[in-house]
Structure formats: structure tokens, C-alpha cells
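>>> sequence and predicted structure, then a few things I'm wondering about:
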Amino acid sequence: MGSSIGELEARQAEVHSRVAEFEEEIVALTALLEAERERLARLTVTRETLAELAAEGIAVDAAAVAPPSAEPVGGGQVVGVQTVHVWQEG
């Protein structure tokens with residue numbers, strides 16, 4: 001009878017482990033699902049806004065929607081550099 005109890009305990013531990021793994025997967029998938037829902041909501045609002053603008057006869061330029069570049073305006077140039085030393089007492 002002792003081996004039957006041992007076998008049941010082993011099976012229970014195995015199933016318990018799988019349940020814990022599934023719970024971790026559910027948490028991760030829930031976070032991914034929420035992020036995708038937020039993205040879908042933003043895209044829906046964007047599409048609706050573009051449709052409203054088109055209905056009003058306003059043309060939307062794709063370049064105007066593109067994010068700005070990180071390059072300096074007018075081709076900036078470095079003129080000089082000044083090094084500031086760390087302050088030390090005395």
C-alpha cells in the first residue's frame with residue numbers, strides 16, 4: 001500500500017508543477033494580451049481620426065505623420081569643447 005501512496009504523491013507533485021507552469025504562462029500571456037489591446041485601441045483611434053480628416057476633405061501627408069529625425073537642423077557643427085574637472089575641496 002505504501003507504494004500506491006508514493007505513486008499518488010509523485011503524480012500529484014508532477015501535476016502541481018504543471019499547474020504552476022501554466023499559471024506563469026497565463027500571467028505572461030495576459031500581459032502580452034493587454035499590451036496588444038492597448039496597441040489596437042491606439043490604431044483604431046488613429047484610423048478613425050484619419051477617416052474624419054478625409055471626410056472633411058483634409059489631405060494627410062504621410063511624411064507629416066512620420067516621427068521627426070534626430071539629426072540637427074541646418075547640419076549643426078561642433079565648434080569647441082570645454083572639459084570641466086570634478087570639483088575637489090582644497
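It's in.
>>> starting at the chain centroid, how far to the longest helix belonging to the chain?
The residue-count maximum for a helix in the chain (DSSP state H) belongs to helix 2-55. Offset of helix 2-55 from its chain centre (CA atoms, centre = their mean, to the nearest Å): 15 Å.
>>> which helices and strands does it pack with?
Counting contacts by 3 or more CB pairs under 8 Å, 6 or more residues apart in numbering; DSSP states H and E, helix 2-55 packs against no other helix or strand. Placement of C-beta: from N, CA and C, glycine included.
>>> average pLDDT for it?
Helix 2-55 shows a mean pLDDT of 95.
>>> centroid residue for this structure?
By CA atoms, centre = their mean, the chain has its centre lying nearest to Ala35, at 6.7 Å.
>>> ok, that residue to Phe22 distance?
Distance of Ala35 to Phe22, given as CB to CB, to the nearest Å: 20 Å.
>>> check Gly6 too.
From Gly6 to Phe22 the distance is 25 Å (CB to CB).
>>> please apply the same query to Leu32.
Taking CB to CB, one finds Leu32 at 15 Å from Phe22.
>>> so what's the residue count around Leu50?
Leu50 is flanked by 13 other residues according to other CB atoms under 10 Å.
>>> cool, Glu23 as well?
Glu23 has 10 neighbours, counted by other CB under 10 Å.
>>> name the element Gln88 belongs to?
Secondary structure assignment for Gln88, by DSSP states H and E: no helix or strand.
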